[in-house]
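Enquirer: model the following, please.
(chains A, B, C and D, ligands or ions: 1)
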Amino acid sequence: MARVVVDVMPKPEILDPQGQAVAGALPRLGFDGVTEVRQGKHFELEVDDSVDDDTLAKIAEGFLANPVIEDWTIRRVEQ
Amino acid sequence: MARVVVDVMPKPEILDPQGQAVAGALPRLGFDGVTEVRQGKHFELEVDDSVDDDTLAKIAEGFLANPVIEDWTIRRVEQ
Amino acid sequence: MATDTTLTDTTARAAETPDAPQPYAELGLADDEYQRIREILGRRPTEAELAMYSVMWSEHCSYKSSKRHLGYFGDTTTAEMREKMLAGIGENAGVVDVGDGWAVTFKVESHNHPSYVEPYQGAATGVGGIVRDILAMGARPLAVADPLRFGPADAEDTRRVLPGVVAGVAGYGNCLGLPNVGGEVVFDRTYAGNPLVNAMCVGAMRAEDLHLAHASGTGNKIILFGARTGLDGIGGVSVLASATFDGDESAGGRKKLPSVQVGDPFTEKVLIECCLELFAKDVVVGIQDLGGAGLSCATSELAAAGDGGMYIDLDRVPLRAEGMTAAEILSSESQERMCAVVAPSDVDAFMEICRKWDVIATEIGEVTDGANLVINWHGETVVDVPPRTVAHQGPVYDRPYARPASQDDIQSATPDSLTRPSTPDELRDTLLRLVSSPDLASRDWVTQQYDRYVRGNTVLAQPADSGMIRVDESTSRGVAVSTDCNSRYVYLDPYRGAQLALAEAYRNVATGGAQPLAVTNCLNFGSPEDPGVMWQFERAVHGLADGCAELGVPVTGGNVSFYNQTGDTAILPTPVVGVLGVIDDVRRRIPTGIGNEPGESLLLLGD
Amino acid sequence: MTARIGVITFPGTLDDVDAARAVRYSGAEAVSLWHADADLHGVDAVVVPGGFSYGDYLRCGAIARFAPVMTSVIDAAAKGMPVLGICNGFQILCEAGLLPGALVRNDKLHFVCRDQWLRVENNTTAWSTRYDSGAEVLIPLKSGEGSYMADKPTLERLEGDGRVVFRYVGENPNGSRSDIAGVADERGRVVGLMPHPEHAIDALTGPSDDGLGMFYSALDALGVAA
Ligand SMILES: Nc1ncnc2c1ncn2[C@@H]1O[C@H](COP(=O)(O)OP(=O)(O)O)[C@@H](O)[C@H]1O
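Expert: Sure thing, here's the model as predicted:
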């Protein structure tokens, strides 16, 4: 068994209203110094050792992310 | 300037219908071997060097996450 | 990354380099269209001008294939039909006098192709766009409806498109606070690679508050407000940066620009409230929403509708991306933006209201006493054009149309040739097939995702035949809308089929208790370059117009969407007809359904 | 004396006009309160209405709870002012710590708009005295993140203290723990619920007028006759 983390983020050129809302709110809450925020999704998967990187890439590209507007990264983490 | 990543995940005891939906769909799409999926949020912040770890923790705990239902982690990443 | 400013294609540079090759064909302009632009300007267009003309002269913006036929709506509208019409075809949306000093505006728009590429965002921004159209008339948007067409319910791709589209309509409309009061869900295999996502919006205002898009009054300021401008939806225009001066590869790295736009309904909600306060404080001379062709469209249409010229300083446009070129800024389809013309003495009050709502507002230019729309970038002129040539004097085509030979076969296949159930078992089978058909199934899965209650004025919504909204709480005056089209009828006989669509929408409004007053449409067809499709279009327009004349209700506006086809296969011709009615007291509405009370009599009207 | 009930508008609030109408229907005066203004303008009670404050980006209610007006609402609630949070308003009150628990994504992942039967479990709060205990009322529910979540000890405390005010009847529409639709604070002055009583004030525009009872109850709690 391995733990795999997939992060899915809006592409840099794509509008990110959620990140904007967070960035806009921080100064009002008294937190200065955060100049940009982007918000995406974070998936943690428990996978059998039989699942190879290729398959994981297919899962990320074809299902967890919407490649029209999102980028994704995969990493396996030690447990 | 530093890039800070904050991951926010539903607490283990909290139902995660989004993660469950993903886990349930994967076998139907022909992907076997993924035994569990949890879905949370991934934030990427650009912060001034003046912002210390304490402040970041306050931002995560008091704002980005709802500690009633969510856990969070922070890491600074090299750029 | 940033484009070298020494390469900015200014009008001066264009005059000096008349023979520089330009990628007009890639931008969708025909040879003669490009030549016409050169004639109008007396030189080659700059990159920015080429971007403007190419998008404004596109089928979508210029109606070049349909214009000739759409004129028939005007030809058949009598003075009597026009009586209650305060604004008609040519404005952002039609406006009708519904009594008691109230004016109601309504329109349907298509967002078909974007919804196929990215169903959620395509549908969401479709709703956002039509709502801004209504807002630009000076009205408060009251309700939306969504006529939808998908491929077969069990097709693989429908499983991607349908949930995404419905979630997008819901996600945007619900967050905007507009009740969803109607629509359609229809399945047919011809929509498999080309779903139809049409969105209707209805709005109301006091008749005297009607705002038409125009920019008059030398010295009046042009204010851009709402979201920042980014690289949204300008995939096509990126050929300019790389092709004209075969720029360096770093510019070429932008080639894969997104042609999708992402909607931000929260920004739009705030923009609506901000606009309504601006109207109420009377600080707006003219206003225009930024839709399909972005600033190109807004500036050229505002200037063309005024009596002078216009100057725009493009450097002042608040941007979301770095290194955008003038052409990209002009073509960007970033959502949730509006452009207003404001008297200098009102600018402070205007800005104050925008600050209250946290809406970014920037003075980007002014109305001039010149004749041209002049746009500067980095201190140099990149656009200097007669605005009407961009906005209204696009090419008009007289496309050939002909009744397809196959039409005879289609029509000769009458129901008589169908086998009929003759045994109880066959009858049972037929009934089961009917009740299990997606076309007759409950629409709850869709409509449950839509808020039909917000604002507390919804009198009728699903499962009623028409949506009905109370406009005035003190008098209980209200309006009703319905959209309909059975495209199989239209396929069989486009003339009669369009009339049947009209009759159905008209009946749906009438059965709720409202008096039908006006008609809008969204004419979804295949390629206008196919004479058979053009024939369907011409027949449908005539059928609809003649039907309207017979019923005495005018067509106040509409939308044409061509090129709805997969390969050579066109969709079923789908002229969605929207009918608007008025009811002077919504408490007298007639809810759909029978058997509410024991002892009701059932009467059949008609034959 | 006419009671004055404040209705807060945040950027993105949608059901403020509806809540104000419901307040008027009950015979009270509706006073609109602006998120950026900490002054409650002398109101006797506050309604935090539904909608998508700040687009519900980040989390529903997460940004709105920091608005200046909420600081005043929190102070006033501590002194016993009746506060009603509807839908997004419920989410804001939870985020602000005035009510326990949190609201998460519906279990079926879709926004749900439907007429929903609720059972009145506690008719002693400031917003529920006009109902009979155990009465069933029909109120529209419309939300995408309406599933009520709290940890076990909190749920046990809520049940034990009778702080579950409304419960869904029939099929649970969103996965809410123990079918909870609405809860109250310890004193029964602050109440939050996902369904929309302001959409059930007139059979013309809603499925019933069952929602009016909540507003009448507040008038009773304030000691003014309606
Ligand atoms: N996409 C949609 N959006 C909103 N309402 C819809 C949609 N599709 C159908 N409806 C509504 O659901 C109800 C039933 O639809 P339908 O079965 O198509 O009715 P009918 O066959 O009587 O036209 C109608 O009130 C209709 O307006």
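
Enquirer: residue D:82 touches residue D:128, doesn't it?
Expert: No - look at residue D:82 against residue D:128 with CB atoms under 8 Å: they stay out of range, at 10.9 Å. Where C-beta positions appear, they are placed from N, C-alpha and C, glycine not excepted.

Enquirer: joint contacts of these two?
Expert: residue D:191 (CB atoms under 8 Å, 6 or more residues apart in numbering or on different chains).

Enquirer: now do the contacts for residue 56.
Expert: Just going to use chain A. Taking CB under 8 Å, 6+ apart, one finds A:4, A:6, A:45, A:47, A:74 in contact with residue A:56.

Enquirer: actually chain C
Expert: Taking CB under 8 Å, 6+ apart, we find residue C:56 in contact with C:62, C:293, C:296-297, C:300, C:390-391, C:394.

Enquirer: again with residue D:141
Expert: Contacts of residue D:141 (CB under 8 Å, 6+ apart): D:112-116, D:173-174, D:181, D:194-196.

Enquirer: Serialize the contacts of residue A:56 to a markdown table and add fields for pLDDT and neighbour count.
Expert: Converted to a markdown table, the contacts of residue A:56 look like this (pLDDT from 0 to 100; neighbours: other CB atoms under 10 Å in any protein chain shown):
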| residue | pLDDT | neighbour count |
| --- | --- | --- |
| A:4 | 96 | 20 |
| A:6 | 97 | 23 |
| A:45 | 96 | 27 |
| A:47 | 94 | 23 |
| A:74 | 96 | 17 |
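
Enquirer: narrow those to those in strands?
Expert: Among the contacts of residue A:56, the ones falling in strands (DSSP state E) are A:4, A:6, A:45, A:47, A:74.

Enquirer: ok, what's across the strand from the third one?
Expert: Read that as residue A:45. Assessed by DSSP bridges, residue A:45 has beta-bridge partners residue A:4, residue B:37.

Enquirer: re the thing from before, of the ones in strands among the contacts of residue A:56, which are in range of the ligand?
Expert: When the ones in strands among the contacts of residue A:56 are filtered against the ligand using CB under 6 Å from any ligand atom, no residues are retained.

Enquirer: for the residues you listed, which one is nearest chain C?
Expert: Chain C lies nearest to residue A:6 out of the ones in strands among the contacts of residue A:56, by CB to the nearest CB, at 19.7 Å.

Enquirer: for chain C, which residue gets nearest to the ligand?
Expert: Of all residues in chain C, residue C:183 sits closest to the ligand, at 2.6 Å by CB to the nearest ligand atom.

Enquirer: can you tell me the element that residue falls in?
Expert: strand C:180-187 (DSSP states H and E).

Enquirer: mind listing the strands the next helix or strand after that strand pairs with, and their directions?
Expert: Once the chain leaves strand C:180-187, the next helix or strand it forms, by DSSP H and E, is strand C:196-206. Neighbouring strands of strand C:196-206 in its sheet, by DSSP bridges, are strand C:102-110 (antiparallel), strand C:140-150 (antiparallel).

Enquirer: the helices in chain D, which residues?
Expert: D:16-25, D:68-78, D:88-95, D:152-160, D:212-222 (DSSP state H).

Enquirer: for chain A, that is, sorry about that
Expert: A:17-28, A:53-59.

Enquirer: list the buried residues of the shortest one.
Expert: Taking 16 or more other CB atoms under 10 Å in any protein chain shown as the neighbour-count basis, helix A:53-59 is seen to contain the buried residues A:55-56, A:59.

Enquirer: likewise for the longest one?
Expert: Within helix A:17-28, the residues that qualify as buried are A:17-23, A:25-26, counting by 16+ other CB under 10 Å.

Enquirer: for that helix, packing partners?
Expert: Secondary-structure packing of helix A:17-28 (3 or more CB pairs under 8 Å, 6 or more residues apart in numbering or on different chains; DSSP states H and E): strand A:34-47, helix C:265-280.

Enquirer: need the contact partners of it.
Expert: Residues contacting helix A:17-28 (CB under 8 Å, 6+ apart): A:10, A:32, A:34-39, B:43, B:59, B:63-64, C:262, C:264, C:266-267, C:358, D:54-55, D:57-58, D:63, D:66.

Enquirer: give me the pLDDT value at whichever residue of chain A sits closest to chain C.
Expert: The nearest approach of chain A to chain C comes at residue A:17, 3.9 Å away (CB to the nearest CB). pLDDT, residue A:17: 93.

Enquirer: measure the residue located most distally from the centre of chain A to chain B for me?
Expert: Distance from the centre of chain A peaks at residue A:30, with 26.7 Å (CA atoms, centre = their mean). Here the criterion is CB to the nearest CB, to the nearest Å. By it, residue A:30 lies 9 Å from chain B.

Enquirer: now residue C:208
Expert: Relative to chain B, residue C:208 is positioned 46 Å away (CB to the nearest CB).

Enquirer: residues in contact with that residue?
Expert: Counting by CB under 8 Å, 6+ apart, residue C:208 has contacts residue C:101.

Enquirer: cool, residue C:526 as well?
Expert: Residue C:526 makes contacts with C:533, C:536, C:562-565, C:569-571, C:573, as judged by CB under 8 Å, 6+ apart.
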